[in-house]
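Asks: Need the 3D shape of this:
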Amino acid sequence: MKTQVSNAISDSITQAIDTILILPDPSDRLEAFVYLLTLMKIRGQRERNRAAYQARLDETGDDIALHTGINRADAYRWAVLHAHSASLPIPSRVNPTDVSGAVTIASAALDDR
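Replies: Numbering: from 1, shown residues only. Model (predicted):
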C-alpha cells in the first residue's frame, strides 16, 4: 500500500481509538469498541467487495494481485459477492491486450523491401 494512503488510514484509526479511550466510563468504552469493530467489519467488507468489483471491471486478476498483493481468487470472490448483493453482472474475464500482431515501424520497413 502506498505510504501516504496507509499513513492516512492509520491516523484515522488511531484517532477513533484515542477518542474511545478518553471516555471515562469503562462500559461506554467497551460499547464504543464493539460498535467500532462491528462497523469496520460490516462496512469494510462491503466497501472491499465494491472495490474488488470495480477493479475486476478494468484489470486482470494477475494485475490486481501484482498491484495489491491480494490473491487473485480472493479479489474475484469479493467482486462476485458485490455483484450478487448489488444485482450487477458478474465481471467477465479481462484479458490483457494481445500485441503479438501489432505492426511496428521496424516490421513495416522490412515488409516494404
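Asks: Which strands or helices does the longest helix anywhere in the chain pack on?
Replies: Secondary structure of the chain read by DSSP state H shows that its longest helix is helix 26-58. If contacts are counted by 3 or more C-beta pairs under 8 Å, 6 or more residues apart in numbering; DSSP states H and E, helix 26-58 sits against helix 3-21, helix 61-68, helix 72-85. Using the backbone N, CA and C atoms, a C-beta is placed for each residue, glycine as well.
Asks: now do 6 Å
Replies: Where contact means 3 or more C-beta pairs under 6 Å, 6 or more residues apart in numbering; DSSP states H and E, helix 26-58 is packed against helix 3-21, helix 72-85.
Asks: and the angle for the shortest one with helix 26-58?
Replies: Between helix 72-85 and helix 26-58, the angle formed by their directions is 100 degrees, by axes from the mean of the first three to the mean of the last three C-alpha atoms, to 10 degrees.
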